[in-house]
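Asks: Next comes the sequence, and after it the predicted model I'd like to discuss.
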Amino acid sequence: MANMNLYSRGDKLFVIVNMVLIGLFTISTLYPFIYITSLAFSSGFEARAGNVVLTPVGFTIEAFKYVLADPQFWVSYKNTFIYTVGGTIMSLAFIIPGAYALSRQQLYGRRFWNLLVAFTMWFNAGLIPFFLNMRDLGLLDSYFGIIIGFAVNGFNVILLRNFFESVPQSFEEAARMDGANEFQVLWKVYMPLSKPAIATVALFCIVSRWNGFFWAMVLLQDEDKIPLQVFLRHTISTLSDDQEFGTSLLDASYSFETVSAAIIVCSIIPVLIIYPFIQKYFEKGILLGGVKE
Amino acid sequence: MSGKKIPTVGETANIGAHVSQPSKLERFGDHMRREWQLYVMLLPLVIWLFVFLYKPMYGLQIAFKDYSIFRGVAGSPWVGFEHFERLFSNEQFLRALKNTVVISFYSLLFGFPMPIILALMFNEILNKTFKKTSQTLVYLPHFISSVIIAGIVITAFSPSAGIVNTVMGWFGLEPIYFLTKPEWFRPIFIGTGIWQESGFQSIVYLAAIAGVSPTLYESAVVDGASRWQMMWKITIPSILPTIIIMLIIRIGNILEVSFEMVILLYQPATYETADVVNSYIFRQGIQAGQYDFAAAAGLFNAVIAFALVMTANTISKRYSRTSLW
C-alpha cells in the first residue's frame, strides 16, 4: 500500500492535494490557539490596535502578572481542582458498582433497571425542575451540591456496562471457585481487566468537570466557591463592559484583550497536559458507548 | 445464567420432600439471599437517579400549576394549560422555537458533511506520523470548554483589536462589530460549532472505514482503479449505513442546540436571531423567576425532542437492524 511508485500520476496528485488540504485544516484548527497565546504575551497597546496576527508584538508578561496577582483567580483555580477531583471520584463510586450490577445476567428486573438508566439519556425534566430540585435539597451554593448533583451520566454507565458484559465468563470462574463474593469479583477480576474502560469514563468525567460552566454559574453565587470557568466568564464580561480598562496605564502594558487571553491560556494548560492520556483512550471509548439498549 | 449450580437450603428441602416447584416468592427469596450483594451495588445508582433525575420529572407538574415557592410543587394550585396558552401566544417563545430549528438546520446542512469529508481525507494519507499528528490536533477543540471557545471568538471578532477586523482592514473593508449584528450571529455560531466538533465527529466514520474489507481494495487495484475511484466506488458505499444512521440521529436531535454557547455569545442586540428555546427558558425561569411558565416551555421542548429521538431510533433500527441503543 505504502509504495508511491505503484501509483499513477493522477494518484500522486490526489495524495498530495489531499495532504495539503488536511494540513490547511489542521492549521486552521490550531491558529486560534496560537493567536490567543500571542495576544497574551503582547503589550496592551499593540493588542488594542489590532496589530497581533501570528506572533507576540511588544513581548511582555504584564497580562499574566495581572492575572496571577488576582486572589480570585487562585481561589477559582483551587475550586476547579476540588470539583474535578471530588466529582470524578464521586462519579466512579456510583458508576462502577452500578454498571457491574447491570451487567449481571442473574439480576432481577435487569431490563427495567437498564431502561431506568437509558431513559435519562432520552428525556430529562429540563432546566427549571432540576434547578428547583437542587434548591429544595438545599444544594445551592455548596461544594457538595456540585460534586454529587452531576455524578451520574447515563452514557458513562452504559459504556462501562457494555465493557463488563464483554468480559468472558471464564475469567471469573477461578475467583468463584475460591468463594469470592460479588464485591471481590468486581474488585479483583473486573476492575483490573477494565482499566481502559474505567480510564475512559474517568477522563470523560475529568474533562466535563474541568469545563463545566452553566450549572456552576446558576447554582453558585458565592464568589469563594466559583470554578475557573465562571471566573473566566465574569472577567471577560466585566472587562469588556469597562471601556477604560488598562487605558489609564502610561505604558499600556496590558489591556482587556491581553488579560482575557492570559486567563484563557492559564485555564487551557491543564487540559493540554492530560490531553495525551485522553487521546489514548477516548477513541475506543466513543465506539464502546453507543451500542445496544 | 447464574454461574452457581450449588443447591440452596430451600432447594435441597424441596428435593427431599418431593413437593412441587417452589413458588415464585420462595424463588425470589432464595435469589435475594444469594445475590443481595448485587442489589447493594445497584442501590446507590438507582437512588441517585431518583433523587436527581426522576424527582425533577415529578416536579414538571408545575408546568400545569400556579407555582409558589412557599406552597411547593405538590401544594401549588392547578391551572391546567394556562401556561401553554400563554406560551403559544408569546412572540419571544415562538421566535426562540424558530431560531432553534433554523440554527439546527443550518448546522446540519453545513456541519454534517464536514466530518465525513475529513474522515475520507484522513484515510487517504499514507504518512502515518502526519496522519496521527493532524488527527490529534483536530480532535483537540472538542475538549476545550465553551467558555474558552467563546472567549476566543469574542476576542477574535472584537471590533478594534480582533484579528478578523484586522484582516478585513488589509483589504480596505470597514470594521464590523460582529457580535452585535443579528445577521452575523448564526454564521459565527455555526462556524464555531463546525470548527470545534468536525474533527472529533470524524472518529465514527474513520472507524467505519477501518471496517471495510481490504480484499475489496485489492481487487480494485488489480483492475487498475485510481484512488479517487476507489473512494467513490468502495469506501463511500461501504460507510453509507453509518452516514445514514448519523444523519437520522442528527435529525432526531434537531432541538438540541448547544445553548451554553448561545448564552456565552449572544446579547440583547442579537436575540432576534440568536435566542433559542433553552436560553429563553434560562432567562424567563432562572433569571426572571417565572418557574412555572418556563417549566411549561421546557416540557414542550422535552416532549417534542423525545418523540423525535424515538422516531429517529426506530427508523435507524429498521434501516440498520443493529440498533443504537
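Replies: Cool, the structure landed. Residues are numbered from 1 along each chain as shown, chains lettered A, B, ... in the order given.
Asks: show me where the stretch 51-200 of chain A has helices.
Replies: A:62-68, A:71-103, A:110-122, A:127-136, A:143-149, A:154-166, A:170-177, A:182-185, A:191-193, A:195-211 (DSSP state H, counting those that start in this stretch).
Asks: what comes up buried for stretch B:304-320?
Replies: B:305, B:306, B:308, B:309, B:312, B:313, B:315, B:316 (16 or more other Cβ atoms under 10 Å in any protein chain shown). The way it works is simple: take the backbone N, C-alpha and C, and place the C-beta from them, glycine included.
Asks: so which of those also contact chain A?
Replies: B:305, B:306, B:309 (Cβ under 8 Å from any Cβ of the partner chain).
Asks: Quick one: the residues you listed as TSV, columns for secondary structure too.
Replies: Converted to TSV, those look like this (DSSP: H, G, I helix; E, B strand; the rest coil):
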residue	secondary structure
B:305	helix
B:306	helix
B:309	helix
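Asks: Export these to a markdown table and append columns for pLDDT.
Replies: Listed next are these as a markdown table, based on pLDDT from 0 to 100:
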| residue | pLDDT |
| --- | --- |
| B:305 | 90 |
| B:306 | 91 |
| B:309 | 85 |
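Asks: Format these as CSV; extra columns: distance to residue A:224.
Replies: Formatted as CSV, those follow (distance: Cβ to Cβ, whole Å):
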residue, distance to residue A:224
B:305, 37
B:306, 39
B:309, 40
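Asks: and stretch A:268-275, C-alpha only, in CSV?
Replies: Output in CSV follows, covering the C-alpha atoms of stretch A:268-275 (Å, rounded to 0.1, in the frame of the first residue of the first chain):
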residue,chain,number,x,y,z
ILE,A,268,-6.2,25.6,28.8
ILE,A,269,-2.8,24.4,30.2
PRO,A,270,-4.1,21.6,32.4
VAL,A,271,-6.3,20.3,29.6
LEU,A,272,-3.2,20.2,27.3
ILE,A,273,-1.3,18.3,30.0
ILE,A,274,-3.9,15.5,30.3
TYR,A,275,-4.7,15.5,26.6
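Asks: Below-threshold pLDDT in chain B: ranges please.
Replies: Within chain B, the stretches with pLDDT under 70 are B:1-20, B:320-325.
Asks: what's the neighbour count on the closest residue to chain A within the stretch 151-300 of chain B?
Replies: Closest approach between the stretch 151-300 of chain B and chain A, counting by Cβ to the nearest Cβ: residue B:298, at 3.1 Å. Applying other Cβ atoms under 10 Å in any protein chain shown, we find 26 residues neighbouring residue B:298.
Asks: tell me the contacts of it?
Replies: Shown in contact with residue B:298 (Cβ atoms under 8 Å, 6 or more residues apart in numbering or on different chains): A:125, A:126, A:127, A:128, A:129, B:60, B:63, B:278, B:281, B:285.
Asks: if we can go back for a sec, flag whichever of the helices of the stretch 51-200 of chain A has the least confidence on average.
Replies: If the helices of the stretch 51-200 of chain A are sorted by mean pLDDT, helix A:170-177 sits at the bottom with a mean of 87.
Asks: Put the alpha carbons of that helix into PDB.
Replies: Extracted in PDB, the C-alpha atoms of helix A:170-177 (Å, rounded to 0.1, in the frame of the first residue of the first chain):
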ATOM      1  CA  SER A 170     -14.200 -17.800  32.200                       C
ATOM      2  CA  PHE A 171     -12.200 -15.000  33.800                       C
ATOM      3  CA  GLU A 172     -14.200 -15.000  37.000                       C
ATOM      4  CA  GLU A 173     -14.600 -18.800  37.400                       C
ATOM      5  CA  ALA A 174     -11.400 -19.300  39.300                       C
ATOM      6  CA  ALA A 175     -12.300 -16.500  41.700                       C
ATOM      7  CA  ARG A 176     -15.800 -18.000  42.100                       C
ATOM      8  CA  MET A 177     -14.200 -21.400  42.900                       C
END
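Asks: Next one: the nearest residue to residue A:220 once chain neighbours are set aside from residue A:25, what distance?
Replies: The shortest distance from residue A:220 to any non-neighbouring residue, by Cβ to Cβ, 6 or more residues apart in numbering or on different chains, is to residue A:226 (5.2 Å). Plainly put, residue A:226 is 36 Å away from residue A:25 if you go by Cβ to Cβ, to the nearest Å.
Asks: Likewise for residue A:35?
Replies: 17 Å.
Asks: returning to that earlier point: tell me which of the helices of the stretch 51-200 of chain A sits nearest to residue B:273.
Replies: Nearest of the helices of the stretch 51-200 of chain A to residue B:273, taken as Cβ to Cβ: helix A:127-136 at 21.8 Å.
Asks: gap between that closest one and the chain center?
Replies: 24 Å (Cα atoms, centre = their mean, to the nearest Å).
Asks: Give me the buried positions along that helix.
Replies: Of the residues in helix A:127-136, those buried (16+ other Cβ under 10 Å) are A:127, A:128, A:129, A:130, A:131, A:132, A:133, A:134.
Asks: out of those residues, who's near chain B?
Replies: A:127, A:128, A:129, A:130, A:131, A:132, A:133.
Asks: ok, and the closest non-adjacent residue to the fifth one?
Replies: Using Cβ to Cβ, 6+ apart and skipping residues adjacent in sequence, the residue nearest residue A:131 is residue B:286, 5.9 Å away.
Asks: what number of residues lie near that neighbour?
Replies: With other Cβ under 10 Å as criterion, residue B:286 counts 18.
Asks: same question, residue B:131
Replies: 17.
Asks: same question, residue B:79
Replies: 15.
Asks: next one: residue A:195
Replies: Residue A:195: 10 neighbours (other Cβ under 10 Å).
Asks: Let me see the domain layout of chain A.
Replies: Residue ranges for the domains of chain A, per automatic domain parsing: A:4-69+A:228-272, A:73-219.
Asks: residues from the stretch 151-300 of chain B in reach of chain A?
Replies: Applying Cβ under 8 Å from any Cβ, we find that the stretch 151-300 of chain B lies next to chain A at B:151-152, B:154-156, B:158, B:160-163, B:165-167, B:169, B:195, B:199, B:203-204, B:207, B:226-228, B:260, B:263-264, B:278, B:281-282, B:285-286, B:291, B:294-295, B:298-299.
Asks: Can I get the buried ones among these as something I can paste into ChimeraX?
Replies: Listed next is the ChimeraX selection for buried residues among these, using 16+ other Cβ under 10 Å:
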select /B:151,152,154,155,156,158,161,162,163,165,166,195,199,203,204,207,227,260,263,264,278,281,282,285,286,291,294,295,298,299
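Asks: just to revisit the earlier point, please tell me how far the residue of the stretch 151-300 of chain B closest to chain A sits from residue A:129.
Replies: Distance from residue B:298 to residue A:129, by Cβ to Cβ: 7 Å.
Asks: what is in contact with the two at once?
Replies: Joint contacts of residue B:298 and residue A:129 (Cβ under 8 Å, 6+ apart) are residue B:60.
Asks: Skipping adjacent residues, who's closest to residue A:213 in space?
Replies: residue A:229 (4.1 Å).
Asks: From residue B:230, how far off is residue B:48?
Replies: From residue B:48 to residue B:230 the distance is 50 Å (Cβ to Cβ).
Asks: typed the wrong thing, it's residue B:203
Replies: Taking Cβ to Cβ, one finds residue B:203 at 22 Å from residue B:230.
Asks: same check, this time on residue B:91
Replies: Taking Cβ to Cβ, one finds residue B:91 at 54 Å from residue B:230.
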